[in-house]
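Asker: Attaching a predicted model along with its sequence, questions to come.
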Amino acid sequence: LRLQQEQTVLELWEATRESGNELLLEIIPPKGMTPDGTTDAAVLRAVKRFYNLGVKPEWWKLAPMQEQGWRDLEALVSERDRHCRGAVILGLNQPLDFLASSFANATNPIVKGFMVGRTLWADASLKWFRGEMDDAAFVDEVARNFAVLVDAWRSRHSAQRAAA
């Protein structure tokens, strides 16, 4: 399965080179791994493997990592691909509080932002589909969730200083 996935990514990589499009490559860690360092190692191995295959995406979309994981990613990218624009954080439908608190580890300049979806709208969608909330309440809840993440992103440097 891994070899098939790698072949598909190689074909996609070549297509983006021919078309002039940028590539954002999302690495989803194996289920059951937690962001306690074990996920970081698996994600970094995958990034290194793609570099070994010659795939150099402009962007990486990765699960939240510990501070050391982001430093290790920065070192790997610096060594392998000076044209990489950076990484964005993948939400993986993590609970809002977990994702917001994980931003405190993402102070390394390699991390440019976050791209999440289900964390923002999944619970609200279920309530809306069940008729437990109307359209306006759905919009309000999703907006509040997004505001929580934006606030956490903006304050991540101060959160890191407070923990030190």
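Answerer: That came through, no problem.

Asker: okay, CA-based contacts and neighbour counts for the rest of this
Answerer: OK.

Asker: And the residue lying farthest from the centre of the chain, how far from K112?
Answerer: Most distant from the centre of the chain: G131, at 31.5 Å, with distances by C-alpha atoms, centre = their mean. As defined by C-alpha to C-alpha, to the nearest Å, G131 lies at a distance of 37 Å from K112.

Asker: just E11 next, same as before
Answerer: From E11 to K112 the distance is 26 Å (C-alpha to C-alpha).

Asker: show me where this structure has strands.
Answerer: Applying DSSP state E to the chain gives strands spanning 24-27, 59-62, 86-90, 111-115.

Asker: counting contacts, what elements does the second one pack onto?
Answerer: Based on contacts counted as 3 or more C-alpha pairs under 8 Å, 6 or more residues apart in numbering; DSSP states H and E, the elements that strand 59-62 packs against are strand 24-27, strand 86-90.

Asker: deepest of those strands, which one?
Answerer: strand 86-90 (a mean of 22; mean count of other C-alpha atoms under 10 Å).

Asker: Just name whatever secondary elements that strand is in contact with.
Answerer: Strand 86-90 packs on strand 59-62, strand 111-115, going by 3+ C-alpha pairs under 8 Å, 6+ apart.

Asker: Run the angle between the last one and strand 86-90 for me.
Answerer: Here strand 111-115 runs at an angle of 30 degrees relative to strand 86-90 (axes from the mean of the first three to the mean of the last three C-alpha atoms, to 10 degrees).

Asker: Outside of strand 111-115 itself, list whatever touches it.
Answerer: For strand 111-115, the surrounding residues in contact (C-alpha atoms under 8 Å, 6 or more residues apart in numbering) are 61, 70, 86-91, 153.

Asker: Swap in 6 Å and give it another go.
Answerer: 86-90 (C-alpha atoms under 6 Å, 6 or more residues apart in numbering).
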